[in-house]
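Novice: Predicted model follows, preceded by the sequence.
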Amino acid sequence: MDNTPGRGAHDESISVATRSAKTSVVRSGLLRGSIPLVIMSGIALVMRLNEHPDAKSMFIGGVIATAIAGFSVIYDIESWSLIKQSAVHFGCMALIVFPSLIFSGWFTIDGPLDVLIILGYFLVGGAVLFSIGYLVFGKLLNGSTRRVARTLHDGGNGKPANHCLTRSDGGARPHRWQSSGIANTPHRLGVAKTS
């Protein structure tokens, strides 16, 4: 057992931060998922009231869009590897999207072979969409984000920019001082503590 003074408060703050991060991911997923659900369910309801034959298809499309949008937050969990993110996302899609495809009425199902054909569509469609998402978000946008960050850091000339933090006593420290692991406590920044 660690009896280091202040250690328990540190562990609790990490626990609170972790809980807060989990809550934020869940909240974000609910928000992302609720938007297509509300919109497409509303459209499906209007279609149903007007006795439109495609109302069920619109609703099923809304369920699928909701699952895809809502569970996309899995890729925002930076502490997970891409393999773990992809496996969890695939599992969620298999539990929601695949059954939605089976019960949608979009496919004729006369036997188990037809369900396997739908599974094939699900797997191929998922692989294509995953590949497109990986290329766009993992390679193209991530690469341009790195270029922008590098340009902001070195001004595009390959030399580190001289970003400084100005302290209240007029002194300055290089920007790297902030990220070097030194706590930015008021006494280190030259700010008088107030009680």
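Specialist: That came through, no problem.
Novice: what's the least confident helix or strand in the chain, going by average pLDDT?
Specialist: Each helix and strand of the chain was given a mean pLDDT (mean pLDDT, DSSP states H and E); the minimum falls on strand 164-166 at a mean of 47.
Novice: Flag every buried residue along the helix or strand Gly125 falls within.
Specialist: Here Gly125, judged by DSSP states H and E, is contained in helix 112-133. Within helix 112-133, the residues scored as buried using 16 or more other C-beta atoms under 10 Å are Ile118, Phe122, Gly126. In short, each C-beta sits where N, CA and C put it, glycine included.
Novice: Just give me the closest of these to Val63.
Specialist: For Val63, the nearest member of those is Phe122. The distance, counting by C-beta to C-beta, is 14.1 Å.
Novice: Identify the residue nearest the closest one in space, chain neighbours excluded?
Specialist: Spatial nearest neighbour of Phe122, excluding adjacent residues (C-beta to C-beta, 6 or more residues apart in numbering): Phe98 at 5.0 Å.
Novice: where's that neighbour, which helix or strand?
Specialist: Here Phe98, judged by DSSP H and E, is contained in helix 82-103.
Novice: which other residues reach that helix?
Specialist: 60, 63-64, 67-68, 71-72, 74-75, 77, 80, 107, 109, 115, 118-119, 121-122, 126, 130, 138 (C-beta atoms under 8 Å, 6 or more residues apart in numbering).
Novice: Mind pulling up the pLDDT for Ser179?
Specialist: As summarised for this prediction, Ser179 has a pLDDT of 41.
Novice: can you confirm Gly105 is in a strand?
Specialist: No - with the criterion set as DSSP: H, G, I helix; E, B strand; the rest coil, the secondary structure at Gly105 is coil rather than a strand.
Novice: measure the nearest residue to it once chain neighbours are set aside to Asp76 for me?
Specialist: For Gly105, ignoring the flanking residues on the chain, the nearest one in space by C-beta to C-beta, 6+ apart is Lys56 at 6.3 Å. Between Lys56 and Asp76 the computed distance is 32 Å (C-beta to C-beta, to the nearest Å).
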